[in-house]
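J.: take this sequence and fold it.
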Amino acid sequence: MAVEPVSPRNQAVAAAETVALVLDEDSPLPETTADAEDLARRLRGHINRLGVMVPKEEPALRRAQQLGSAGVPDGYMPSRAHLVQLAEATQELVATVEAHGTGRAMRQRGRRWRTPPINLLRGTVFAIAFACLVLAASAPRT
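T.: Below is the predicted model:
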């Protein structure tokens, strides 16, 4: 299965959407422990994906990784407080990724060839098939 590369901008937007689920005033707090753990898992995933786009010595990355490595505490208030801290650290990491730009990610990925449109490929195959047909029709019969 081929994995489509995701641009750093899309990663930052996805992380910001998850952060909004936790930090927005209009969004409700998770009701169950499972909801809090699910949001924490999503935020940890964003931290992991965004972490490759900034230098390893970046303080925002270290803080986010430290909070992400800690488990969700038991209890309603401690788990929600941890979730808010994790979301704030992720938000800070998103800002750091946007400040650093995509230069490092582009250097790691190397040169990428642009994928031609499907109609161009179809036209090329048709032209080759038509050329083979003309060549076969013009050959003398024996």
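
J.: ok, Ala12 touching Glu98?
T.: Yes. Between Ala12 and Glu98 a contact is recorded at 5.8 Å, counting by C-beta atoms under 8 Å. For every residue, glycine as well, the C-beta is placed using N, CA and C.

J.: more neighbours: those two, which one.
T.: Just comparing Ala12 and Glu98: by other C-beta atoms under 10 Å the higher neighbour count belongs to Ala12, 21 against 15.

J.: for the more buried one, which residues are in contact?
T.: 50, 94, 97-98 (C-beta atoms under 8 Å, 6 or more residues apart in numbering).

J.: ranking by neighbours, what's the top pick from the residues you listed?
T.: Val97 (26 neighbours).

J.: picking that back up, in helices, which of the contacts of Ala12 fall?
T.: 50, 94, 97-98 (DSSP state H).

J.: tell me the SS of Arg114?
T.: Three-state assignment for Arg114 (DSSP: H, G, I helix; E, B strand; the rest coil): coil.

J.: what does the model give it for pLDDT?
T.: On the pLDDT scale, Arg114 is placed at 82.

J.: how many neighbouring residues does it have?
T.: For Arg114, the neighbour count with other C-beta under 10 Å is 5.

J.: swap in Pro30?
T.: 19.

J.: pLDDT wise, what is it at?
T.: Value for Pro30, per-residue pLDDT: 76.

J.: you'd agree it is up against His82?
T.: No. Judged on C-beta under 8 Å, Pro30 makes no contact with His82 at a distance of 11.4 Å.

J.: sorry, back to before: distance to Arg141 and pLDDT for the ones in helices among the contacts of Ala12 - can I get that in a markdown table?
T.: What follows is the ones in helices among the contacts of Ala12, written out as a markdown table (distance: C-beta to C-beta, whole Å; pLDDT from 0 to 100):
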| residue | distance to Arg141 | pLDDT |
| --- | --- | --- |
| Leu50 | 67 | 84 |
| Val94 | 70 | 86 |
| Val97 | 67 | 82 |
| Glu98 | 69 | 81 |
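
J.: thanks a lot, see you next time.
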